[in-house]
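Trainee: Give me a model of this one.
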Amino acid sequence: MPTAIVLLKTDRKRVTRTAETLLELRDVSEVYSVSGRYDLLVVIRADSVDRIESVITDQVLKTDGILDSETMFAFRSYDKREGGRAVQVD
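Mentor: Just a heads-up that it's a prediction; the model follows:
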């Protein structure tokens, strides 16, 4: 399943509210509050890259409180639940 990781800088007074709002989006599977240059890490899993693009541009980046973003696409997953084997991300 196509997967994107989106790093977000947010208005620091709205981190929790922004995270909760993002988690309500259909294709957002996880939201983490993180340390470093970014405030939130968002994992998006969808049926297609086109769907992910739509979620990011039409929903995630239009969420109140977001100031900046960086998006990465996953090529392969290495997951303990899969015995540490590489799993192709389609």
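Trainee: Tell me where this structure has helices.
Mentor: 15-23, 49-58 (DSSP state H).
Trainee: Dump those to CSV, plus mean pLDDT, distance to Asp64 and mean neighbour count.
Mentor: For glycine as for every other residue, the C-beta is placed from the backbone atoms N, C-alpha and C. Converted to CSV, the helices of the chain look like this (pLDDT from 0 to 100; distance: least, Cβ to Cβ, whole Å; neighbours: other Cβ atoms under 10 Å):
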stretch, mean pLDDT, distance to Asp64, mean neighbour count
helix 15-23, 97, 7, 16
helix 49-58, 97, 15, 15
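Trainee: so which of the ones you listed gets nearest Ser35?
Mentor: The closest of the helices of the chain to Ser35 is helix 15-23. By Cβ to Cβ, the value is 11.8 Å.
Trainee: okay, the angle between that closest one and helix 49-58?
Mentor: 140 degrees (axes from the mean of the first three to the mean of the last three Cα atoms, to 10 degrees).
Trainee: what helices or strands is helix 15-23 leaning on?
Mentor: strand 28-33, strand 40-45 (3 or more Cβ pairs under 8 Å, 6 or more residues apart in numbering; DSSP states H and E).
Trainee: What's the separation between Asp47 and Ala4?
Mentor: 13 Å (Cβ to Cβ, to the nearest Å).
Trainee: When those two are compared, which one has more neighbours?
Mentor: Shown here are Asp47 and Ala4; by other Cβ atoms under 10 Å, Ala4 has more neighbours (22 against 11).
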